[in-house]
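**Q** pasting the sequence and the predicted model now:
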Amino acid sequence: MRTYSFETGAKAYTLRFDINSVCNIEEAADRTPIQVLCNQHRLGFSTLRLLIQHGLKWKDAGITKDKAGNIIQTYLAENGSIDELAKQTLLLLAESAGAKQKPEETDEEQETDEVEKPE
């Protein structure tokens, strides 16, 4: 099972979404993970906090929304990127919800796909 780790407040945190955490997110958000992913351009802090909370429950079963919010706040205060945290969290959620990741193209493939512009 893939995870995503980040450090804040001199502590390492590892997110992991198993079937129980995905179901808990669905129940708490009143929408499926796919709906969350489809609207990721409108991802708010409360949704990110919910994802962080449930992504950390496998390690800390008693984590609260407030504690998850404090972790995010400390991460931001230490110059962490909210965009990167959200991106990695959503990628992890997508994989955990069964989405297949598109394989990255090699440099060779990228070169052959380029369109030459006439001069």
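**A** Sure thing, it's come through.
**Q** which residues does residue 76 contact?
**A** When contacts are counted by Cβ atoms under 8 Å, 6 or more residues apart in numbering, residue 76 touches residue 82. Backbone N, C-alpha and C define where each C-beta goes, glycine included.
**Q** just residue 22 next, same as before
**A** By Cβ under 8 Å, 6+ apart, the neighbours of residue 22 are 33, 93, 96, 97.
**Q** repeat that for 7 Å
**A** Contact partners of residue 22, counting by Cβ atoms under 7 Å, 6 or more residues apart in numbering, are 33, 96, 97.
**Q** work out for me the element it sits within.
**A** helix 19-29 (DSSP states H and E).
**Q** hang on, the earlier thing: closest to residue 1 out of the contacts of residue 22?
**A** Closest to residue 1 out of the contacts of residue 22 is residue 96 (7.7 Å), distances taken as Cβ to Cβ.
**Q** was I right about the closest one contacting residue 17?
**A** Yes: with the criterion set as Cβ atoms under 7 Å, residue 96 and residue 17 qualify as a contacting pair; they are 3.6 Å apart.
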